[in-house]
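Visitor: no FASTA, just this:
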């Protein structure tokens, strides 16, 4: 019953030939590529690995740079959001004091720009007040002092004292010209009756139309 041998299903197939071992670096017919890359025909396994090595180094360098940038950005974010705010909150701001500025009270400073209406009768002549609407605070200016002219010749006594003439005499040198005429009009010497020394009195020369200060005639008699 069990003497019949089982049927060999591989009896009609050719036995597989063992592939001889190739030395290291031998060229293989086809080296399969990485996913997404074409297979390389006629290349050794070592050559393929050496070709892929620079790409792996570049990839590692890029990844390290990205990680460093991410860590740096995260550290800066933490520093700016927490540490810097905390330091700013704790550090007090020094007060600046102007030692040259005058002391100002708070109420006065608050009302510095509020215009103050003038008050007549407070003893101060304020803006908007004058001697007409507030003479109590702005009294009128005193009139100028009246020059004293004792001899009434037109020259005040103070000026005659400066010139050396007699403030009580209209014509100090008796040359028929008043002291004022000699000083203000003819510019002759009020203390010398003959200014040009021609033996004629200054008043007589003027009446005759001659120049009391020298030769020639007066072109126009002063009024």
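Guide: Done, it's in. Since the structure is predicted, the reported quantities are computational estimates derived from the model, not experimental observations.
Visitor: what ranges of this protein fall below the confidence cut-off?
Guide: Residues of the chain meeting the criterion pLDDT under 70: 1-52, 83-116, 220-223.
Visitor: Run through the strands of it in chain order.
Guide: 30-31, 40-41 (DSSP state E).
Visitor: State which helix of this protein is the longest.
Guide: helix 45-78 (DSSP state H).
Visitor: Look up which residues are beta-bridged to residue 210.
Guide: As for beta bridges, residue 210 partners with residue 217 under DSSP bridges.
Visitor: Distance check, it against residue 60.
Guide: 128 Å (Cβ to Cβ, to the nearest Å). To be clear about C-beta, it is placed using only N, CA and C from the backbone, and glycine gets the same treatment.
Visitor: More neighbours: the two, which one.
Guide: Counting neighbours by other Cβ atoms under 10 Å for residue 210 and for residue 60 shows that residue 210 has the greater number, 18 against 10.
Visitor: Contacts only, for that one.
Guide: 200, 216, 217, 218 (Cβ atoms under 8 Å, 6 or more residues apart in numbering).
Visitor: Tell me the buried residues within these.
Guide: residue 200 (16 or more other Cβ atoms under 10 Å).
Visitor: Mind putting the contacts of residue 210 into a markdown table with distance to residue 166?
Guide: Shown next, in a markdown table, are those (distance: Cβ to Cβ, whole Å):
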| residue | distance to residue 166 |
| --- | --- |
| 200 | 23 |
| 216 | 31 |
| 217 | 30 |
| 218 | 27 |
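Visitor: so which of the contacts of residue 210 comes closest to residue 173?
Guide: residue 200 (13.6 Å; Cβ to Cβ).
Visitor: Which residue is the nearest non-sequential neighbour of that closest one?
Guide: Take residue 200 and drop its neighbours on the chain: the residue closest to it by Cβ to Cβ, 6 or more residues apart in numbering is residue 194, 6.5 Å away.
Visitor: Relative to residue 204, how far out is the one you found?
Guide: When residue 194 is compared with residue 204 (using Cβ to Cβ), they lie 9 Å apart.
Visitor: quick one: common contacting residues for these two?
Guide: residue 175.
Visitor: Does residue 139 touch residue 131 like I think?
Guide: Yes: using Cβ atoms under 8 Å, residue 139 is in contact with residue 131, at 6.2 Å.
Visitor: wait, doesn't residue 176 sit right on residue 205?
Guide: No: contact criterion Cβ under 8 Å: residue 176 and residue 205 do not qualify, at 9.6 Å.
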